[in-house]
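[1] Here is a sequence with its predicted model. Questions after.
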Amino acid sequence: MSTTTQAVVPRPGFLARRQRSYILFIVPALVVVGAVIVFPWLFTVWMSAFDWKIGSVPHFIGFDNYIKLATNQRFHEAIVHTLYFTALAVIVPLILGTIAALIFHREFPLRGLLRSIFTMPMMATPVAVALVWTMMFHPQQGVLNYLLSLVGLPPSLWVYSPTLVIPSLVLVEVWHWTPLVMLIVLGGLAALPIEPYESARLDGATEWQLFRYITFPLVAPFIVVAAVIRTIDAIKAFDTIYVISSGGPGTASETINLYLYLQAFAFYNVGNASAVVVVFFVLILALAMLLLYVRQRAKWT
Amino acid sequence: MTDHTRDDSTDNHRRRLLQAGLGAAALGAVPGASLLNAQAQSGFDWKRFNGEKIEILLVKSPRGDLLTKYHKEFEDLTGIEVGSEMIPEQQQRQKAVIEFNSGNPSFDVIGLSYHVQKRQFAKNNWLTDVRPYINDKSMAAPDLDFADFAKGGLFYAVEADGRVMSLPFNLDPWMVYYNKELFDAKGIAFPKTFAEMTDAAAKLNDPGKGVCGFVARGLKNANVPVWTSFLLGYGGGYVDKNGKLMTDSTEAIDGAKMYQTLLAKYGPAGVAGYNWNESQSLFLQGKAAMWLDGIGFAQPLEDPTKSRIVGKVGYGVMPAGPKQQVSALFADGEGISTYSKKKGPAWFYIQWASNKGNQTRMLQAAAGAPVRTSAYAAAQATGDFKAPKQWVECMLASAKIAQPGLPVIAPVTEFRDTFGIALTNMINGADPATELKKATAEFQPVLDKSEKA
């Protein structure tokens, strides 16, 4: 903290006095940012260079943690699981949420009431939602298999099957977060001008053409905002997965977050866990850049 | 009934514990401690630390609830004020590590699960050796009698070099709950051996009626004691004298094969996600013939508001394996933080927590299985004791054949995770030998490092 202050205050003399007095005002912000963001981040990078298990003496090992991660199959699988989960948990709610927004944008009886009901999942606590879904997924006593049996389908193993666990977890995310996408897109739809539609209709455009060439390009920036929010939520998803499957069966749904949690808080391998955080951070940066690029594209069209 | 020290199985038992490897010398401390205790009757005063205040960290469990409920009694008895915190198991274990590491933990007394925390605490010297208190006439309560403590509990409480780091409190030997109605319908007797057990599971398995022959934990991490229950019966062990894992031995593989057969073939669909609570709910709906787990579940099974099989539950001792009959044992106790500045009052507290009165209460409330054998007779004598007779018999018989259900090592959680994944993979069809070899190779360096550091 103090180093930050020293680095900022004694600026070279060619700066105007007036400017210097302004700089003083940003010092508190710099100190806070330094203390709560920059310092923990640098400390994490520093810890990642140590072989450090809580309760024992840390040994400096340089890049060894990273080299081990590079060959750690379990960590590689965790990255794949994270990307798979995130992709599904972003795309499916985006599609369903946009459709729901288009429906709720129309005038029909009881629209307000139905819209409120539709947004209700969003208000529920994630852990409570996860616990309820855990019960519903139960292969013997769960209501989902009962529903399948009503329509004559064979029972499914849901989260108890290594292949179905991630899609099943995504199902929970979809149920929980589609309303959020719907709200954002609905906000976009409400702001649209009426004139382009009127003139397009006069020119004989079909409903699909109206959507494809007018509605979609105009709400695209809103969809991208929803995509950004969903991506952030999906990539940091922990509570749902931890409560429902704890990364299982075996390691079939172990995402980076769950792997990280195990390393840091169950095994107390702080050094290794820090290295995972750094790698995860790089991954998130890459993803953020991709999203920014998409957002720019959405603005241009 | 109350005193195992004189009975014939002592030598056998001692041998088994010796085989278990670590801490065998612990048993030497037992007669010594009780002798010393005989002289420690005079000069003891519960009011000695009147006016002091101590902090207790417990795990949220029926045991923790019970102690907390009676803290007032301790305060009246001693004049020591008790501040207690009860948090869930997982969080309590994290809190313990972090606070001990800080060198200034917020608690004087901590409840510990031996199978997870014993080696970790011992390696770091986080607990106080209570031998000086046991030997001090003015500090040891007249009620403290080591001959009354079951061997399994003392094995966990005492270090290999004879130091006594805690007082045991609760035992959790593993046993088999069975549905008498289902067994009777097919005319099958409760199995005495592993072979009979597999056989019974096969005969009782009836997927058409939604009944499975066997249920136990398949969820990774939680499932490891199920496997070790079989491994021990096959005569296997965890770690040899040179610190090499024995988890890919023939015995370990045989145990894993049995695990795979019972769960994958005769277990319910989706058992790979079952922890004890899913197993319990299946069993108390009458949908499972046998359930292998810890002994603490009699209360829900005999509760008419929860269970459909009240009065039909049999409590069976773990069947004998080809080499030996073993019940995998877990236990809890209470120790004094080495950083505590109030070790005297803290020592009074842990003596009180493990005293006969509290142990009897624990049994009456079906909150656990007391480590003090006298509690069983005491609880029955009060008449206010609801646990079935067969359960008590099962408990006493299991305690005699008990061996640690997990290796006494520091990275227990990693051990359970690594081998738990292997076991879950087996349920989904992987080969036991391959999985165990892989898990052993993966865990050996972790173990080596933990013992070196």
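    Noted; the coordinates are in hand.

[2] Quick one: name the residues of chain B near chain A.
    Taking C-beta under 8 Å from any C-beta of the partner chain as the test, the list of chain B residues beside chain A reads B:94, B:97-98, B:100-101, B:120, B:123-124, B:210, B:218-221, B:268-273, B:278, B:281-282, B:285, B:287, B:411, B:413-414, B:417, B:421, B:424-425, B:427-428, B:449-450, B:453. Any C-beta I mention is one placed from the backbone N, CA and C, and that applies to glycine too.

[3] Filter the residues you listed down to just the buried residues.
    Among the residues of chain B next to chain A, the ones that count as buried by 16 or more other C-beta atoms under 10 Å in any protein chain shown are B:94, B:97, B:100, B:120, B:124, B:218-221, B:268, B:270-273, B:278, B:281-282, B:285, B:287, B:411, B:413-414, B:417, B:421, B:424-425, B:427-428, B:450.

[4] okay, residue 25: pLDDT?
    By default, I'm working from chain A. At residue A:25, the model reports a pLDDT of 86.

[5] ah, no, chain B please
    In the prediction, the pLDDT value recorded for residue B:25 is 35.

[6] And residue A:293, by the same measure?
    pLDDT recorded at residue A:293 is 88.

[7] The one 4 residues further on now?
    Here, the pLDDT recorded for residue A:297 equals 81.

[8] State the distance from it to residue A:268.
    With distances defined as C-beta to C-beta, to the nearest Å, the gap from residue A:297 to residue A:268 amounts to 44 Å.

[9] out of those two, which sits in the busier spot?
    Remark: of residue A:297 and residue A:268, residue A:268 carries more neighbours, 23 against 11, as counted by other C-beta atoms under 10 Å in any protein chain shown.

[10] Can you give me the domain assignment for the chain?
    Because you didn't say which chain, this covers chain A. Under automatic domain parsing, the residue ranges defining each domain of chain A are A:2-47, A:67-300.

[11] I was after chain B.
    Residue ranges for each domain of chain B read B:9-172+B:329-404, B:174-327+B:406-452, as given by automatic domain parsing.

[12] Can you give me the neighbour number for the residue of chain A found nearest chain B?
    Nearest to chain B, among the residues of chain A, is residue A:160, at 3.2 Å (C-beta to the nearest C-beta). As a burial measure, residue A:160 scores 29 neighbours (other C-beta under 10 Å).

[13] give me phi/psi at the closest residue to it other than its chain neighbours?
    With C-beta to C-beta, 6 or more residues apart in numbering or on different chains as the measure, residue B:270 is the residue that lies nearest to residue A:160, at 3.2 Å, once sequence neighbours are left out. Reported as degrees, to the nearest 10, the phi and psi values for residue B:270 are phi 80, psi 20.

[14] any idea how far residue B:270 is from residue A:251?
    As judged by C-beta to C-beta, residue B:270 and residue A:251 stand 17 Å apart.

[15] show me what contacts the residue in the stretch 251-400 of chain B that chain A sits nearest to?
    Scanning the stretch 251-400 of chain B for the residue nearest chain A gives residue B:270, at 3.2 Å (criterion: C-beta to the nearest C-beta). Residues near residue B:270 by C-beta atoms under 8 Å, 6 or more residues apart in numbering or on different chains: A:138, A:139, A:140, A:157, A:158, A:160, A:161.

[16] Try it again at 10 Å.
    The contact partners of residue B:270, taken as C-beta atoms under 10 Å, 6 or more residues apart in numbering or on different chains, are A:137-140, A:142, A:145, A:155-161, A:249, B:218, B:278, B:427.

[17] Now the phi/psi pair for residue 174, please.
    In the absence of a named chain, this looks at chain A. Dihedral angles (degrees, to the nearest 10) for residue A:174: phi -60, psi -50.

[18] Let me rephrase: I mean chain B.
    With angles defined as degrees, to the nearest 10, residue B:174 sits at phi -90, psi 140.

[19] how about it, what does it touch?
    When the contact criterion is C-beta under 10 Å, 6+ apart, the partners of residue B:174 are B:216, B:225-226, B:228-229, B:232, B:292-295, B:317-318, B:326-330, B:398, B:402, B:405.

[20] Inside strands: which ones of the residues you listed?
    In this view, the contacts of residue B:174 that belong to strands under DSSP state E are B:292, B:293, B:294, B:327, B:328, B:329, B:330, B:402.

[21] Just the closest of these to residue A:36, please.
    Ranking those by separation from residue A:36, with C-beta to C-beta as the measure, puts residue B:330 on top at 41.8 Å.

[22] For that closest one, which residues are in contact?
    Residue B:330 is in contact with B:113-116, B:152, B:156, B:170-174, B:225, B:294-296, B:402, B:404-406, counting by C-beta under 10 Å, 6+ apart.

[23] please redo it, this time with the cut-off set to 7 Å
    B:115, B:172, B:294, B:405 (C-beta atoms under 7 Å, 6 or more residues apart in numbering or on different chains).

[24] tell me which element the second one is part of?
    Put plainly, it is residue B:172. Under the criterion of DSSP states H and E, residue B:172 resides in strand B:167-179.

[25] next one: that strand to chain centre, how far?
    6 Å (C-alpha atoms, centre = their mean, to the nearest Å).

[26] Buried residues in that strand, which are they?
    Neighbour-count burial for strand B:167-179, counted by 16+ other C-beta under 10 Å, picks out B:167-179.

[27] And stretch B:380-397, by the same measure?
    Within stretch B:380-397, the residues that count as buried by 16+ other C-beta under 10 Å are B:380, B:385, B:387, B:388, B:391, B:392, B:394, B:395, B:396, B:397.

[28] go on, stretch B:47-64?
    Of the residues in stretch B:47-64, B:48, B:49, B:52, B:54, B:55, B:56, B:57, B:58, B:59, B:61, B:63, B:64 count as buried by neighbour count, 16+ other C-beta under 10 Å.

[29] which of these lies closest to chain A?
    For the buried residues of stretch B:47-64, the residue nearest chain A by C-beta to the nearest C-beta is residue B:59; the value is 16.1 Å.

[30] Hmm, that closest one is touching residue B:92, no?
    Yes - at 4.8 Å, residue B:59 counts as touching residue B:92 under the criterion of C-beta atoms under 7 Å.

[31] ok now do whichever residue of the stretch 51-200 of chain B sits closest to chain A, which residues does it touch?
    Minimum separation of the stretch 51-200 of chain B from chain A (C-beta to the nearest C-beta) falls at residue B:124, amounting to 5.2 Å. Contacts for residue B:124 (C-beta under 7 Å, 6+ apart) come out as A:55, B:100.

[32] mind running it again at 10 Å?
    For residue B:124, the contacting residues are A:54, A:55, A:56, B:97, B:100, B:101, B:338, B:410, by C-beta under 10 Å, 6+ apart.

[33] Residue A:86 too?
    With the criterion set at C-beta under 10 Å, 6+ apart, residue A:86 makes contact with A:170, A:173, A:230, A:231, A:232, A:233, A:234, A:235, A:236, A:237, A:255, A:287.
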